[in-house]
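Colleague: Give me a model of this one.
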Amino acid sequence: MSTRTQAPSAAAAQAGEVLWSDPRDEPSPEARRAQRMLRRAGLLLAVLGFVAAVLLVR
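Modeller: Alright, predicted model coming up:
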């Protein structure tokens, strides 16, 4: 038995459409640089955490 009894609203149906005048969904160069730095920092923290866990278990 289905709990949906109504069709989706027109606004929900049109939410996925993009107008030609909408800007492209790309991050700025500064945002890309920040994302790379955060990715590297996360990887470094993960490696350091693993090394610390190995050293503490000994």
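
Colleague: what about the strands in this structure?
Modeller: Counting by DSSP state E, the chain has no strands to list.

Colleague: Poorly predicted segments of it, please.
Modeller: For the chain, applying pLDDT under 70 flags the ranges 1-19, 22.

Colleague: Could you give me the buried positions within the helix ranked longest in the chain?
Modeller: Secondary structure of the chain per DSSP state H: the longest helix is helix 29-57. Judged by neighbour count (16 or more other Cβ atoms under 10 Å), helix 29-57 contains no buried residues. Quick note: C-beta positions are derived from backbone N, CA and C, even for glycine.

Colleague: Counting by contacts, list what that helix packs against.
Modeller: With contacts defined as 3 or more Cβ pairs under 8 Å, 6 or more residues apart in numbering; DSSP states H and E, helix 29-57 has no helix or strand neighbours.

Colleague: Distance check, A34 against R40.
Modeller: Counting by Cβ to Cβ, to the nearest Å, the gap from A34 to R40 is 11 Å.

Colleague: again with P29
Modeller: Relative to R40, and taking Cβ to Cβ, P29 is found at 17 Å.

Colleague: Got the phi and psi for D25?
Modeller: D25 adopts backbone torsions of phi -90, psi 70, taken as degrees, to the nearest 10.

Colleague: Distance of it relative to L38?
Modeller: D25 is 19 Å from L38, by Cβ to Cβ.

Colleague: same question, F50
Modeller: In terms of Cβ to Cβ, F50 sits 19 Å off from L38.

Colleague: Could you do A53 as well?
Modeller: The value you get for A53 to L38, if Cβ to Cβ is used, is 22 Å.

Colleague: same question, V47
Modeller: 15 Å.

Colleague: what separates R33 from V47, distance-wise?
Modeller: R33 is 22 Å from V47, by Cβ to Cβ.
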